[in-house]
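Asker: here you go, sequence then predicted model.
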Amino acid sequence: MMAPCMLTTERLLLRPLAREDAGDIYAVFSHPEVTRYYEIDTMTDAAQADILLDHFISIGRLGIRLKGDSRLIGSCGLFGFNMPYRSASLGYDLSPEYWGRGIMTEALKALFGFGFSTLGMNRLNALVYPDNLASIRVLEGLGFEKEGVMREFGYWKGAFHDMSLYALLRGQWRF
């Protein structure tokens, strides 16, 4: 786990997830729009959030909330650290009612600044479902470049799925 204690932006507070966030995690992942390109099913029971939350806590994922509001609206984090190579992977999600407002871009800028500056990362990777155009726009807007498609990379929801690999290098980081 390599998460910071807290990151702040103009509108957001990013903080490590905690057990009391289970209800908010359930609220995010009970939206079919959120899980459409995720390897997990849409949550239908609050107990499912406990399992995902345990995983997110174990990898140091950060909860995203608007300043002045205690409710989490999403999460983001770096995981799969390869310290000798100075690389990590990226994961993120956001409740649909906050899509299109630049919130994830703002959160990821803070996260990337931490990853490149404080942790000394040189490369950040993101795997994206090729049809997830909104996520691809966020990544490309932050400077990520598509490096290729990993054919039938994963198997979930009863089918094999291609995944596009995007990466951002410290030398390309411009924010």
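Answerer: Structure's in. What do you need? Numbers count the residues shown, from 1 in each chain.
Asker: contacts for stretch 79-90 next, please.
Answerer: Stretch 79-90 has contacts (Cβ atoms under 8 Å, 6 or more residues apart in numbering) with 2, 59-61, 76-78, 91, 108, 111, 115, 119-127. Where C-beta positions appear, they are placed from N, C-alpha and C, glycine not excepted.
Asker: swap the cut-off to 6 Å and go again
Answerer: Under the contact criterion Cβ atoms under 6 Å, 6 or more residues apart in numbering, stretch 79-90 has outside partners 2, 59, 78, 120-126.
Asker: and the nearest residue to residue 166 once chain neighbours are set aside, how many residues sit next to it?
Answerer: Among residues not flanking residue 166 along the chain, residue 144 sits closest, at 4.1 Å (Cβ to Cβ, 6 or more residues apart in numbering). Residues near residue 144, counting by other Cβ atoms under 10 Å, number 23.
Asker: so of the contacts of stretch 79-90, which two are at opposite extremes in space?
Answerer: 59 and 122 (19.8 Å; Cβ to Cβ).
Asker: comparing the two, which residue is more hemmed in?
Answerer: Of the pair residue 59 and residue 122, residue 59 is the one with more neighbours under other Cβ under 10 Å, namely 17 against 14.
Asker: quick one: the more buried one from residue 50, how far?
Answerer: Counting by Cβ to Cβ, to the nearest Å, the gap from residue 59 to residue 50 is 16 Å.
Asker: quickly find the element holding the closest residue to residue 76 other than its chain neighbours.
Answerer: Residue nearest to residue 76 in three dimensions, not counting chain neighbours: residue 92, with 3.9 Å by Cβ to Cβ, 6+ apart. Take DSSP states H and E as the rule and residue 92 turns out to sit in strand 87-94.
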